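# what shape does this take:
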Amino acid sequence: MVQPENFESNDSKQPVCRLKRSIYGLKQASRQWYRKFDQVITSFGFKENTVDQCIYLKFSGSKFIILVLYIDDILLASSDVGLLHETKRFLSSKFDMKDLGDASFVLGRQIHRNRSRGILGLSQKAYIDKVLSRFGMSNCAPGNTPMAKGDKFSLHQCLKNELEKKDMERFPYASVVGSLMYAQVCTHPDIVYIVGMLGRYLSNLGMDHWKKAKRVVQYLQRNKDYMLTYCRSSHVEIVGYSDSNFAGCLDSKRSTSSYIFMLAGGAISWKSVKQTLIASSTMEAEFIACYEASNHGIWLRNFVTQLRIVDGIEKPLRINCDNKVAELYTKNNRSSSKSNTLTSSS
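The predicted model follows:
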């Protein structure tokens, strides 16, 4: 560190400066900011959600307000306008902040509201248009599906020599896959499987991988106007769906687990990931997928329960699996050598 201006010291011990407050950019800065914000907001009566510590909730009689913190961006949702304005005034008195009014864009996602019909929508059309423009595909032919039936990925499709690798450097494969990842994380569960497959070959790709990545972009060209929608309902329940292929990875013979959870008529959480062990049957692969979905489902239910604004959410979690044998296996309380192996592996 360079000595501050107007300070000169020839001390051979090389003293350092002690910071009295964190500087933006240091690795400790984000932690210090969170601690400061937590101290301020809890003094105003907000309670931290123990499942997700960036969510705060405050009750005032029958009225409530939810605060969502993402770094230095704040999203507020309240059942009462007066409580909302009161919270805004308090925050403005403690921090330099700018009120942007009703949220229309959050982290690249556009929020659509139809209050008369009780519908909320999340769209990434603007983001997808930027991706299409960035990679010169604004006028590309729309694709019907994110991948073709029977498409396989393997190391045999990767480059064989340095000349081929040199030639592939002109294609922005990693940038395209990275852009697709953000789309699938936010609003497009329909491409989660193929993007996960493409992501396995970021450092060792072939021309087939590049063509398949462009096909996903073409698919988003057709579906960029689609959005996730959530409907107002008196019956709110978290419902999960799990699935798995069998030995889908041709190189490691590992299967891929996938799950998705629905709430209020729309998808709220999803994932597709390669399993950490080699399943010896379709039943085992489906069972592992169901187990992983159950773990995440319990976390989701605990998260919603902590909000304390949805009644009856504590009921048993419902997860749908399309393998009858795996379903029967979950209900079998007898112990066997195979079940012990699955338990230790999972």
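
# which residues touch H156?
When contacts are counted by Cβ atoms under 8 Å, 6 or more residues apart in numbering, H156 is found next to L250. Yep, even glycine has a C-beta here, placed from its N, CA and C like the rest.

# for H85, helix, strand, or coil?
Here H85 is recorded as helix under DSSP: H, G, I helix; E, B strand; the rest coil.

# check the one 3 residues further on too.
The three-state label for K88, taken from three-state DSSP, comes out as helix.

# pretty sure it contacts L100?
No. Between K88 and L100 there is no contact under Cβ atoms under 8 Å: 11.0 Å.

# looking at these two, which is more packed in?
Neighbour count, other Cβ atoms under 10 Å: between K88 and L100, K88 has more, with 15 against 10.

# now do the more buried one against W33, distance only.
Computed as Cβ to Cβ, to the nearest Å, the K88 to W33 distance reads 19 Å.

# tell me the contacts of the closest residue to R134 other than its chain neighbours?
Leaving aside its chain neighbours, R134 sits nearest to S179 (7.4 Å; criterion: Cβ to Cβ, 6 or more residues apart in numbering). Each residue near S179 by Cβ under 8 Å, 6+ apart is listed here: 131, 134-135.

# where's D225 relative to I319, distance?
D225 sits 31 Å away from I319 when distances are taken as Cβ to Cβ.

# quick check, pLDDT for Q306.
For Q306, the model assigns a pLDDT of 84.

# now do G248
pLDDT, G248: 87.

# mind checking the SS state of it?
For G248, the assignment made with three-state DSSP gives coil.

# that one: what's it in contact with?
The contact partners of G248, by Cβ under 8 Å, 6+ apart, come to 254-256, 274.

# would TSV of those residues with pLDDT be doable?
Below are the contacts of G248 laid out as TSV (pLDDT from 0 to 100):
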residue	pLDDT
R254	92
S255	93
T256	93
K274	93
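
# so which of these are in helices?
Using DSSP state H, no member of those sits in helices.

# could I get these as CSV with neighbour count?
Formatted as CSV, these follow (neighbours: other Cβ atoms under 10 Å):
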residue, neighbour count
R254, 19
S255, 22
T256, 20
K274, 14
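
# ok, so of these, who is nearest G297?
T256 (18.7 Å; Cβ to Cβ).

# name the nearest residue to that closest one, sequence neighbours excluded.
Among residues not flanking T256 along the chain, G248 sits closest, at 4.8 Å (Cβ to Cβ, 6+ apart).

# tell me how the chain divides into domains.
Annotated domains of the chain cover 29-103, 123-223, 233-345 [automatic domain parsing].

# would you convert these into JSON lines that also reports distance to R115?
Shown next, in JSON lines, are those (distance: least, Cβ to Cβ, whole Å):
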{"stretch": "domain 29-103", "distance to R115": "11"}
{"stretch": "domain 123-223", "distance to R115": "17"}
{"stretch": "domain 233-345", "distance to R115": "15"}
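
# now the helices for this structure?
Counting by DSSP H, the chain has helices at residues 29-42, 81-94, 125-134, 162-168, 173-186, 192-198, 207-223, 282-307, 324-330, 337-345.

# so which of those helices is the most surrounded?
Of all these, helix 192-198 has the most neighbours on average by mean count of other Cβ atoms under 10 Å, namely a mean of 21.

# how far is that helix from where the chain is centred?
Distance, stretch centre to chain centre, for helix 192-198: 14 Å (Cα atoms, centre = their mean, to the nearest Å).

# what's next to that helix, contact-wise?
Identification of contacts with helix 192-198 by Cβ under 8 Å, 6+ apart yields 146-147, 153, 177, 180-181, 184, 209, 212-213, 216, 256, 258, 270-274.

# for the record, mean pLDDT for it?
Across helix 192-198, the average pLDDT comes to 93.

# wait, which of the contacts of S179 is closest to V239?
When the contacts of S179 are ranked by distance to V239 (Cβ to Cβ), V131 comes first, at 31.1 Å.

# residues contacting the closest one?
V131 makes contact with 179-180, 183, 217, 220, according to Cβ under 8 Å, 6+ apart.

# ok, T229 touching G265?
Yes. Judged on Cβ under 8 Å, T229 makes contact with G265 at a distance of 6.7 Å.

# confidence score at E86?
At E86, the predicted lDDT confidence score is 94.

# separation between it and A77?
Applying Cβ to Cβ, the value for E86 to A77 is 14 Å.

# for this structure, what helix or strand is lowest in average pLDDT?
None of the helices or strands of the chain scores lower by mean pLDDT, DSSP states H and E than helix 337-345, at a mean of 51.

# looking at D225 and I319, which is more packed in?
Comparing D225 with I319 by other Cβ under 10 Å, the one with more neighbours is I319, at 21 against 8.
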